[in-house]
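Enquirer: Following is a predicted model, sequence given first.
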Amino acid sequence: MQQQAHVIAQRLLNIYRQEHVLVGGWAAVNRVLIDESNDPNVIAELKKLPTGERLVMHINKLRSGETPMDAIDPELLPYGGLMANISANVNLTDQELNELRSALDNFEPNFESLQQIRQLKSVQKFGNNWKENIKSALTKEPDMLAKWENVVRTARAYQMWDSAKELISENFTERSRAQIQADMPEFETYLPMFGDEGQEVLAKLRTYVSSTPKN
(Lines give C-alpha, C1' and ligand atoms only; values in the text may rest on other atoms or scores of the structure.)
Protein backbone atom coordinates (compact mmCIF):
# COMPACT_ATOMS: atom_id res chain seq x y z
CA MET A 1 0.00 0.00 0.00
CA GLN A 2 2.85 2.35 0.88
CA GLN A 3 4.58 1.53 -2.41
CA GLN A 4 1.40 2.39 -4.33
CA ALA A 5 1.13 5.68 -2.43
CA HIS A 6 4.74 6.47 -3.33
CA VAL A 7 4.07 5.85 -7.03
CA ILE A 8 0.99 8.10 -6.97
CA ALA A 9 2.91 10.80 -5.09
CA GLN A 10 5.72 10.75 -7.63
CA ARG A 11 3.23 10.92 -10.49
CA LEU A 12 1.51 13.95 -8.95
CA LEU A 13 4.86 15.66 -8.43
CA ASN A 14 5.77 15.03 -12.07
CA ILE A 15 2.45 16.51 -13.22
CA TYR A 16 2.95 19.54 -10.96
CA ARG A 17 6.42 20.13 -12.40
CA GLN A 18 5.25 19.73 -16.01
CA GLU A 19 2.17 21.97 -15.92
CA HIS A 20 3.87 24.36 -18.34
CA VAL A 21 3.69 21.77 -21.15
CA LEU A 22 0.34 20.15 -20.34
CA VAL A 23 -2.79 21.07 -22.26
CA GLY A 24 -5.41 22.57 -19.94
CA GLY A 25 -2.95 24.29 -17.62
CA TRP A 26 -3.63 24.55 -13.91
CA ALA A 27 -7.36 23.90 -14.31
CA ALA A 28 -6.59 20.39 -15.60
CA VAL A 29 -3.60 19.76 -13.33
CA ASN A 30 -5.37 20.87 -10.15
CA ARG A 31 -8.29 18.52 -10.81
CA VAL A 32 -5.88 15.58 -10.98
CA LEU A 33 -4.03 16.74 -7.86
CA ILE A 34 -7.26 16.90 -5.87
CA ASP A 35 -8.73 13.65 -7.18
CA GLU A 36 -5.61 11.56 -6.54
CA SER A 37 -4.39 12.93 -3.21
CA ASN A 38 -7.27 11.87 -0.96
CA ASP A 39 -5.22 9.09 0.63
CA PRO A 40 -3.22 10.47 3.63
CA ASN A 41 -0.44 8.05 2.65
CA VAL A 42 -0.03 9.90 -0.65
CA ILE A 43 0.38 13.20 1.20
CA ALA A 44 2.88 11.57 3.56
CA GLU A 45 4.90 10.26 0.61
CA LEU A 46 4.80 13.65 -1.11
CA LYS A 47 6.39 15.26 1.92
CA LYS A 48 9.37 12.93 1.56
CA LEU A 49 10.06 13.98 -2.05
CA PRO A 50 12.08 17.00 -3.22
CA THR A 51 9.73 20.02 -3.49
CA GLY A 52 6.91 17.74 -2.32
CA GLU A 53 6.18 20.00 0.66
CA ARG A 54 5.39 22.85 -1.73
CA LEU A 55 2.97 20.65 -3.65
CA VAL A 56 1.25 19.62 -0.40
CA MET A 57 0.85 23.30 0.48
CA HIS A 58 -0.69 23.92 -2.95
CA ILE A 59 -3.10 20.99 -2.57
CA ASN A 60 -4.13 22.22 0.89
CA LYS A 61 -4.84 25.70 -0.52
CA LEU A 62 -6.96 24.17 -3.27
CA ARG A 63 -8.96 22.12 -0.78
CA SER A 64 -9.55 25.11 1.49
CA GLY A 65 -10.69 27.28 -1.42
CA GLU A 66 -7.92 29.79 -0.78
CA THR A 67 -6.58 29.05 -4.28
CA PRO A 68 -9.08 28.78 -7.18
CA MET A 69 -9.16 25.50 -9.09
CA ASP A 70 -7.69 27.14 -12.20
CA ALA A 71 -4.78 28.83 -10.44
CA ILE A 72 -1.78 28.48 -8.13
CA ASP A 73 -0.23 30.78 -5.54
CA PRO A 74 2.73 32.45 -7.33
CA GLU A 75 4.94 31.54 -4.38
CA LEU A 76 4.22 27.84 -4.95
CA LEU A 77 4.94 27.73 -8.68
CA PRO A 78 7.30 24.86 -9.61
CA TYR A 79 10.86 25.99 -10.42
CA GLY A 80 10.09 29.29 -8.70
CA GLY A 81 7.87 30.32 -11.61
CA LEU A 82 10.79 30.28 -14.06
CA MET A 83 9.00 28.13 -16.66
CA ALA A 84 5.85 30.28 -16.49
CA ASN A 85 7.93 33.41 -17.11
CA ILE A 86 9.76 31.82 -20.04
CA SER A 87 6.56 30.87 -21.85
CA ALA A 88 4.64 34.11 -21.30
CA ASN A 89 3.74 36.40 -24.20
CA VAL A 90 5.11 34.18 -26.97
CA ASN A 91 3.87 34.79 -30.50
CA LEU A 92 4.32 33.22 -33.93
CA THR A 93 4.13 35.05 -37.24
CA ASP A 94 1.40 34.02 -39.70
CA GLN A 95 4.03 32.25 -41.79
CA GLU A 96 5.39 30.37 -38.78
CA LEU A 97 1.90 29.45 -37.66
CA ASN A 98 1.00 28.06 -41.09
CA GLU A 99 4.28 26.13 -41.25
CA LEU A 100 3.61 24.61 -37.84
CA ARG A 101 -0.02 23.82 -38.68
CA SER A 102 1.05 21.88 -41.76
CA ALA A 103 3.65 19.92 -39.77
CA LEU A 104 1.14 19.09 -37.02
CA ASP A 105 -1.42 17.89 -39.54
CA ASN A 106 1.13 15.34 -40.79
CA PHE A 107 2.68 14.45 -37.44
CA GLU A 108 3.08 10.80 -36.45
CA PRO A 109 4.36 9.73 -33.00
CA ASN A 110 7.75 8.50 -34.20
CA PHE A 111 11.34 9.74 -34.19
CA GLU A 112 11.42 10.89 -37.81
CA SER A 113 8.27 12.98 -37.46
CA LEU A 114 9.51 14.45 -34.19
CA GLN A 115 12.77 15.48 -35.86
CA GLN A 116 10.83 17.23 -38.62
CA ILE A 117 9.00 19.26 -35.99
CA ARG A 118 12.28 20.08 -34.20
CA GLN A 119 13.79 21.37 -37.45
CA LEU A 120 11.07 23.95 -38.08
CA LYS A 121 12.35 27.52 -37.78
CA SER A 122 9.29 28.34 -35.68
CA VAL A 123 10.43 25.69 -33.18
CA GLN A 124 14.20 26.11 -33.36
CA LYS A 125 14.06 29.80 -32.44
CA PHE A 126 12.94 28.86 -28.92
CA GLY A 127 15.98 26.66 -28.22
CA ASN A 128 15.61 24.32 -25.24
CA ASN A 129 12.28 25.92 -24.29
CA TRP A 130 10.55 24.95 -27.53
CA LYS A 131 7.85 22.77 -25.92
CA GLU A 132 6.78 25.41 -23.40
CA ASN A 133 6.89 28.39 -25.74
CA ILE A 134 5.04 26.75 -28.62
CA LYS A 135 2.34 25.73 -26.15
CA SER A 136 2.08 29.35 -25.03
CA ALA A 137 1.94 30.56 -28.64
CA LEU A 138 -0.95 28.18 -29.41
CA THR A 139 -3.26 29.17 -26.55
CA LYS A 140 -5.73 30.69 -29.06
CA GLU A 141 -5.48 27.68 -31.41
CA PRO A 142 -7.18 24.82 -29.48
CA ASP A 143 -7.07 22.36 -32.40
CA MET A 144 -3.35 22.89 -32.89
CA LEU A 145 -2.76 22.84 -29.15
CA ALA A 146 -4.31 19.38 -28.89
CA LYS A 147 -2.01 18.14 -31.66
CA TRP A 148 0.95 19.83 -29.98
CA GLU A 149 0.24 17.78 -26.87
CA ASN A 150 0.97 14.66 -28.93
CA VAL A 151 4.31 16.15 -30.00
CA VAL A 152 5.23 16.90 -26.40
CA ARG A 153 4.22 13.41 -25.32
CA THR A 154 6.33 11.88 -28.08
CA ALA A 155 9.34 14.03 -27.18
CA ARG A 156 9.01 13.02 -23.54
CA ALA A 157 8.75 9.37 -24.53
CA TYR A 158 12.07 9.50 -26.38
CA GLN A 159 13.65 11.41 -23.51
CA MET A 160 12.59 8.70 -21.07
CA TRP A 161 13.70 6.01 -23.53
CA ASP A 162 17.21 7.50 -23.67
CA SER A 163 17.30 7.80 -19.89
CA ALA A 164 16.21 4.18 -19.42
CA LYS A 165 18.78 2.87 -21.90
CA GLU A 166 21.53 4.82 -20.16
CA LEU A 167 20.51 3.52 -16.73
CA ILE A 168 20.57 -0.14 -17.75
CA SER A 169 23.90 0.26 -19.56
CA GLU A 170 25.84 1.55 -16.54
CA ASN A 171 26.84 -0.05 -13.24
CA PHE A 172 23.82 -0.30 -10.97
CA THR A 173 24.27 1.80 -7.80
CA GLU A 174 22.11 3.15 -5.00
CA ARG A 175 22.01 6.44 -6.85
CA SER A 176 20.69 4.86 -10.05
CA ARG A 177 18.13 2.89 -8.02
CA ALA A 178 16.85 6.16 -6.54
CA GLN A 179 16.61 7.71 -10.00
CA ILE A 180 14.72 4.72 -11.37
CA GLN A 181 12.29 4.77 -8.45
CA ALA A 182 11.68 8.50 -8.89
CA ASP A 183 11.08 8.19 -12.63
CA MET A 184 9.25 4.85 -12.59
CA PRO A 185 5.77 6.37 -13.12
CA GLU A 186 7.00 7.98 -16.33
CA PHE A 187 8.90 4.88 -17.42
CA GLU A 188 5.69 2.90 -16.98
CA THR A 189 3.80 5.50 -19.01
CA TYR A 190 6.17 5.92 -21.93
CA LEU A 191 8.29 2.78 -22.40
CA PRO A 192 5.33 0.62 -23.54
CA MET A 193 5.10 2.97 -26.52
CA PHE A 194 8.26 1.26 -27.83
CA GLY A 195 6.62 -2.15 -28.13
CA ASP A 196 8.34 -5.36 -27.06
CA GLU A 197 11.74 -3.68 -26.66
CA GLY A 198 10.19 -1.05 -24.43
CA GLN A 199 8.57 -3.73 -22.27
CA GLU A 200 11.92 -5.52 -21.98
CA VAL A 201 13.68 -2.35 -20.84
CA LEU A 202 10.88 -1.66 -18.35
CA ALA A 203 11.22 -5.19 -16.96
CA LYS A 204 14.97 -4.64 -16.47
CA LEU A 205 14.33 -1.38 -14.63
CA ARG A 206 11.85 -3.11 -12.32
CA THR A 207 14.40 -5.86 -11.67
CA TYR A 208 17.05 -3.26 -10.84
CA VAL A 209 14.77 -1.65 -8.27
CA SER A 210 14.37 -4.98 -6.46
CA SER A 211 18.08 -5.87 -6.74
CA THR A 212 21.00 -5.02 -4.46
CA PRO A 213 23.10 -2.20 -5.94
CA LYS A 214 26.88 -2.46 -6.19
CA ASN A 215 28.92 -0.44 -3.71
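Expert: That came through, no problem. Computed from a prediction, not measured in an experiment: that's the story for all the values here.

Enquirer: and the protein, what are its domains?
Expert: Using automatic domain parsing, the domains assigned to the chain come out as 2-86, 94-209.

Enquirer: Tabulate the ones you listed (TSV), appending mean neighbour count.
Expert: To be clear about C-beta, it is placed using only N, CA and C from the backbone, and glycine gets the same treatment. What follows is those, written out as TSV (neighbours: other CB atoms under 10 Å):
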stretch	mean neighbour count
domain 2-86	16
domain 94-209	15
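
Enquirer: With respect to these, which exhibits the lowest mean confidence?
Expert: With a mean of 81, domain 2-86 has the lowest mean pLDDT of the domains of the chain.

Enquirer: Which residue ranges of the protein form helices?
Expert: Using DSSP state H, the helices of the chain run over residues 2-17, 25-35, 40-48, 52-64, 82-86, 94-105, 111-118, 121-124, 130-137, 142-169, 174-190, 195-209.

Enquirer: Would you format those as TSV with distance to Leu76 included?
Expert: Converted to TSV, those look like this (distance: least, CB to CB, whole Å):
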stretch	distance to Leu76
helix 2-17	9
helix 25-35	11
helix 40-48	13
helix 52-64	5
helix 82-86	12
helix 94-105	32
helix 111-118	32
helix 121-124	30
helix 130-137	19
helix 142-169	23
helix 174-190	21
helix 195-209	30
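
Enquirer: Many thanks, we can stop here.
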